[in-house]
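Undergrad: curious how this folds, go ahead:
(chains A, B, C and D)
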Protein chains: 4
Amino acid sequence: MRKQLFNIIEPSNNLTTIEKIYDVFMVCTIVVSLLPLTSKTTTSFYLTLEAITTIIFIIDYFLRFITADYKLNQGKLSFVKYPFTFLAITDLIAILSSVFFWNNTFKLLKIIRMVRTIRVFKLFRYSKSLNLLINVLKRQKESLFMAGALVITYIFISALVIFNVEPDTFKNFFNALYWSTISLTTVGYGDIYAISEIGKLITMISSILGVAIIAIPVSIMTAGYLEEIEKEDTESK
Amino acid sequence: MRKQLFNIIEPSNNLTTIEKIYDVFMVCTIVVSLLPLTSKTTTSFYLTLEAITTIIFIIDYFLRFITADYKLNQGKLSFVKYPFTFLAITDLIAILSSVFFWNNTFKLLKIIRMVRTIRVFKLFRYSKSLNLLINVLKRQKESLFMAGALVITYIFISALVIFNVEPDTFKNFFNALYWSTISLTTVGYGDIYAISEIGKLITMISSILGVAIIAIPVSIMTAGYLEEIEKEDTESK
Amino acid sequence: MRKQLFNIIEPSNNLTTIEKIYDVFMVCTIVVSLLPLTSKTTTSFYLTLEAITTIIFIIDYFLRFITADYKLNQGKLSFVKYPFTFLAITDLIAILSSVFFWNNTFKLLKIIRMVRTIRVFKLFRYSKSLNLLINVLKRQKESLFMAGALVITYIFISALVIFNVEPDTFKNFFNALYWSTISLTTVGYGDIYAISEIGKLITMISSILGVAIIAIPVSIMTAGYLEEIEKEDTESK
Amino acid sequence: MRKQLFNIIEPSNNLTTIEKIYDVFMVCTIVVSLLPLTSKTTTSFYLTLEAITTIIFIIDYFLRFITADYKLNQGKLSFVKYPFTFLAITDLIAILSSVFFWNNTFKLLKIIRMVRTIRVFKLFRYSKSLNLLINVLKRQKESLFMAGALVITYIFISALVIFNVEPDTFKNFFNALYWSTISLTTVGYGDIYAISEIGKLITMISSILGVAIIAIPVSIMTAGYLEEIEKEDTESK
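TA: Numbering: from 1, shown residues only, chains lettered A, B, ... in the order given. I've put the predicted structure just below:
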């Protein structure tokens, strides 16, 4: 009977009707459990939703725990190891954040609530169409990591320059980093911008170089995608 | 004679002069029929335009209806089925929105007018150069759908985090979703932005990840385009 | 002697020293002739610059005219045809705008000055490295034209919808078109933006679709570039 | 012993433990030396940091100088040539900027501090994963240079047109150039924007063309990346 349970809760290649129902039901529960976060006031309706979804997640966690030996294939040791796997930890954090949501001090609410958004990552557990994308990301991992490092270095240098050239505009270095990020990504809210001529000149150079640097990860992604598609075409022939 | 009419109103591969004239005439009529929407006041000139274009659309709809058997090739049944095809329904909605535009209550005007913009989609009925693009979109349909789901999920998560971290800036969750979308697409009007330090930090992370996520559909489109062009080159050899 | 003059003013494949000097001299003259446009006040220094550069351009135009038969290879007929070639017309407009700049009424100044910026296009007459780019643009002409039509259609529809949904924000339809363009290109100055909830919803949909539509010409350009580079590699083998 | 020192300070293909420690230590020192720049006030803690890091950089410079013959392989001549190599000059500027930071007049501080950010470029001395990117940049150097020239020309023309059409919005030509750059890169802070109808029309045309022009360097980068990856795949087979 535990074997059957495991087959239901764990998505396999050949899904039966009952497995599909469980999957869809869990995805819906995750989405519903996030609804209380979209409101400022805590109504009794949201409290009920919170209670029901938390109970479902506790049951799901319990079922996964008692079938852990089928998952990890390590006999009794599986029950010790399972709670420390990445997905089990995210499940636990999501459940605990809900429990703390009940009996809490008001101050902590803010941060604990944020942790609950981790719950959304559970959605991907039930998705398959991300495989191509994940393959591209895996193969271009190093290049993308390098591009990310370049972007962060550039943001830091750009912030450093503007902060020393125009210190009156920026309250502290964090504000300069914020300005640099918002400019590089071309969002440009307009809440902080350089006022002096030299500051504007640096903004101009920074924006143009920024667009060029943003182009690097886009290029890597595109080249990676194309390579992956071509490989699949060759394999399918 | 109905056969001749059908040949005129329905674009085929070898266009004769009269067919081309009909096509150009209908495209112009569609554009002209949209002109009254670009003004706040309803002058008698616009009312006349409205009347004339609506009559033309009614005639066009009638001609298409009585030649439906040539279109669908299902004998008498065609006349029953035709009004429920996608293009016939859009034609009907466009006509009805104009008719309601005559004798209406003022309040409904706003929404009905919006429906009329559907009329523009009729333009594509007369265009052929979109084929390559449509092929790319069709072949990459699944990947693009996945990328779209990723973008929407990301907007939702980003809104959820900022809404709980900085509730004072956002009147309701819809405003947080609006902020998230405007930031992710790098439009950044600057009407809503995070004020607290933690909110700014989330804005920074959100923007950088946002640019990376926007790069995914761009990559898919480019890779798809290149594949399609290469295939055409191989076929033409 | 006219033959020698022609060889100097017309760039050929094997440039001699004197030809290069003429080219560099003309490019500098063009840049210098634009300097008076970068100032609000008309100083005597700028008037002198204006006079000198205009005289140089008149001489250049005259030299090109008297050697037109070598350019067009149509004997005496060349002297009649030459003034109506595209480059000769732009040369003439640039010269005339400077002449009108001398004895003018103040009101006309603004528009005439704008025409003078055409002068910059003469720069490309002396450049060769644009060939690859021009080849890509030529080969993808139809696709890019289609993408351009799509972008303009989308801007128009987006403006039409917002103008009818939120008429209070937009003074006239032109302002709606301006908002639509600034949003689609993700510039987002923040001088005009939707205030109502329904208007914000349309902004969100509009921005996301806008990014997707902007991706189309970028994809076409990239695919075209790659095709051109690969072709050159094959040819050079 | 000088030979051993050289092996430690100069990264080679087969890194030993001591070489790795030196590399990591220098990268950390560079980052730490930049920390005083992120604060407006000069505390004694930052002055101490400044002193320590400067001394480390002086020792590093000295060690590199006395092992210059192993680096340049030109015997005694190496010691004369080394201080004029690019990296040695950046090292020297970084050290001098710190020394001037001690005993200085207040006015000069601003500019000298900026020079110190050059120090960050030393980070790349210790990085290897940038090779693929550098290869792409090298191979596409001419195309990217041309694209850069096109972008700058476009910014200049765009600024010239708006400055003459709407002179009241822009204090001087530099402001027009600033507006043009911020619009082209789609940052759009919203601190300067066209107000007149004709100015808005130019903004619209400018933005759309701007996005198209920005697409050119992105295309070149992507095509270059893909070519480089394909070449590596062919070589590894």
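Undergrad: helix or strand right after the strand or helix carrying residue A:70?
TA: Using DSSP states H and E, residue A:70 sits in helix A:68-72. Following helix A:68-72 in sequence order, the next helix or strand is helix A:77-81 (DSSP H and E).
Undergrad: what packs against that following helix?
TA: helix A:68-72 (3 or more CB pairs under 8 Å, 6 or more residues apart in numbering or on different chains; DSSP states H and E). The C-beta positions use only the backbone N, C-alpha and C, and glycine is treated the same way.
Undergrad: which residues touch the helix it packs on?
TA: A:2-3, A:6, A:10, A:64, A:75-76, A:78-79, A:81-82, A:85 (CB atoms under 8 Å, 6 or more residues apart in numbering or on different chains).
Undergrad: for chain A, which helix is longest?
TA: Scanning chain A for the helix with the most residues, using DSSP state H, yields helix A:197-236.
Undergrad: buried residues, that one. List them.
TA: A:199-204, A:206-208, A:210-229 (16 or more other CB atoms under 10 Å in any protein chain shown).
Undergrad: can you narrow these to ones near chain B?
TA: A:214, A:217-218, A:221-222, A:224-226, A:229 (CB under 8 Å from any CB of the partner chain).
Undergrad: and which of the residues you listed is nearest chain C?
TA: Using CB to the nearest CB, residue A:222 comes nearest to chain C of these, at 6.8 Å.
Undergrad: how close does the residue lying closest to the closest one once chain neighbours are set aside sit to residue A:137?
TA: Excluding the flanking residues, the one nearest residue A:222 by CB to CB, 6 or more residues apart in numbering or on different chains is residue B:219, at 4.2 Å. Separation of residue B:219 from residue A:137 (CB to CB, to the nearest Å) stands at 11 Å.
Undergrad: hey, what's in contact with both of these two?
TA: Joint contacts of residue B:219 and residue A:137 (CB under 8 Å, 6+ apart) are residue A:224.
Undergrad: skipping adjacent residues, who's closest to the residue sitting furthest away from the middle of chain A in space?
TA: In chain A, the greatest distance from the average C-alpha position (CA atoms, centre = their mean) is reached by residue A:197, at 39.9 Å. Nearest residue to residue A:197, sequence neighbours excluded (CB to CB, 6+ apart): residue D:174, at 6.3 Å.
Undergrad: and stretch A:198-205, how far out from the chain's middle?
TA: The chain centroid and the centroid of stretch A:198-205 are separated by 34 Å under CA atoms, centre = their mean, to the nearest Å.
Undergrad: where in chain A is pLDDT low?
TA: Along chain A, the parts satisfying pLDDT under 70 run over A:11-16, A:100-130, A:233, A:236-237.
Undergrad: one more time with 50, if that's ok
TA: Across chain A, the ranges flagged by pLDDT under 50 are A:103-110, A:112, A:116, A:126.
Undergrad: close to chain C: what parts of it are there?
TA: Close to chain C, as judged by CB under 8 Å from any CB, chain A has residues A:186, A:188-190, A:222.
Undergrad: now the buried members of those residues.
TA: Using 16+ other CB under 10 Å, the buried members of these are A:186, A:188-190, A:222.
Undergrad: hang on, the earlier thing: pull out the buried residues from the helix holding residue A:70.
TA: Buried, per 16+ other CB under 10 Å, within helix A:68-72: A:68-69, A:71.
Undergrad: for stretch A:35-49, measure first residue to last.
TA: 8 Å (CA to CA, to the nearest Å).
Undergrad: do stretch A:30-45 as well
TA: Start-to-end span of stretch A:30-45 (CA to CA) is 17 Å.
Undergrad: could you do stretch A:31-51 as well?
TA: Note: stretch A:31-51 ends 14 Å apart using CA to CA.
Undergrad: check whether that stretch comes near chain B.
TA: Yes. Applying CB under 8 Å from any CB, one finds stretch A:31-51 touching chain B at A:34, A:37-40.
Undergrad: and which of the residues you listed is nearest chain B?
TA: residue A:38 (3.9 Å).
Undergrad: for that closest one, what are phi and psi?
TA: Main-chain torsions, residue A:38, degrees, to the nearest 10: phi -90, psi 10.
Undergrad: ok, and the closest non-adjacent residue to it?
TA: Counting by CB to CB, 6+ apart, the residue nearest residue A:38 is residue B:173, at 3.9 Å.
Undergrad: sorry, back to before: between which two of the residues of chain A next to chain C is the distance greatest?
TA: A:190 and A:222 (30.7 Å; CB to CB).
Undergrad: can you show me the helices along chain A?
TA: Going by DSSP H, chain A shows helices at A:2-9, A:17-34, A:44-66, A:68-72, A:77-81, A:86-102, A:106-116, A:122-125, A:131-139, A:141-165, A:173-184, A:197-236.
Undergrad: deepest-packed of the ones you listed, please.
TA: Greatest average neighbour count among the helices of chain A goes to helix A:173-184 (a mean of 24), per mean count of other CB atoms under 10 Å in any protein chain shown.
Undergrad: who are the packing partners of that one?
TA: helix A:141-165, helix A:197-236, helix B:197-236.
Undergrad: can you list those helices in a markdown table and add distance to residue D:169?
TA: Converted to a markdown table, the helices and strands packed on helix A:173-184 look like this (distance: least, CB to CB, whole Å):
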| stretch | distance to residue D:169 |
| --- | --- |
| helix A:141-165 | 24 |
| helix A:197-236 | 15 |
| helix B:197-236 | 28 |
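Undergrad: ok, back up a step: list the contacts of the residue nearest to residue A:222.
TA: With the criterion set at CB under 8 Å, 6+ apart, residue B:219 makes contact with A:136, A:218, A:221-222, A:224-225.
Undergrad: what sits against residue A:79?
TA: So residue A:79 contacts A:65, A:68-69 (CB under 8 Å, 6+ apart).
Undergrad: from residue D:192, how far off is the residue in chain A that chain C sits nearest to?
TA: Relative to chain C, the nearest point of chain A is residue A:190 (5.5 Å; CB to the nearest CB). Distance, residue A:190 to residue D:192, using CB to CB: 10 Å.
Undergrad: quick one, what contacts residue A:166?
TA: Contacts of residue A:166 by CB under 8 Å, 6+ apart are A:194-196, A:198-199, A:202.
Undergrad: can you put those residues in a markdown table and add distance to chain D?
TA: Shown next, in a markdown table, are the contacts of residue A:166 (distance: CB to the nearest CB, whole Å):
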| residue | distance to chain D |
| --- | --- |
| A:194 | 9 |
| A:195 | 8 |
| A:196 | 11 |
| A:198 | 9 |
| A:199 | 10 |
| A:202 | 9 |
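Undergrad: any chance of the residues you listed in CSV, with distance to residue B:169 too?
TA: Conversion of the contacts of residue A:166 to CSV gives the following (distance: CB to CB, whole Å):
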residue, distance to residue B:169
A:194, 24
A:195, 24
A:196, 29
A:198, 32
A:199, 27
A:202, 29
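Undergrad: and the residues you listed, which two are furthest apart?
TA: A:195 and A:202 (11.8 Å).
Undergrad: isn't residue A:37 right next to residue B:161, touching?
TA: No. Between residue A:37 and residue B:161 there is no contact under CB atoms under 8 Å: 9.2 Å.
Undergrad: returning to what we had before: now, which of the contacts of helix A:68-72 sits nearest chain D?
TA: For the contacts of helix A:68-72, the nearest to chain D is residue A:85 (30.5 Å; CB to the nearest CB).
Undergrad: pull the contacting residues for the closest one.
TA: residue A:72 are the contacts of residue A:85 under CB under 8 Å, 6+ apart.
Undergrad: and for the closest residue to residue A:68 other than its chain neighbours, the neighbour number?
TA: Distance criterion CB to CB, 6+ apart; nearest residue to residue A:68, sequence neighbours excluded, is residue A:82 at 3.7 Å. Other residues near residue A:82 come to 19 when the count uses other CB atoms under 10 Å in any protein chain shown.
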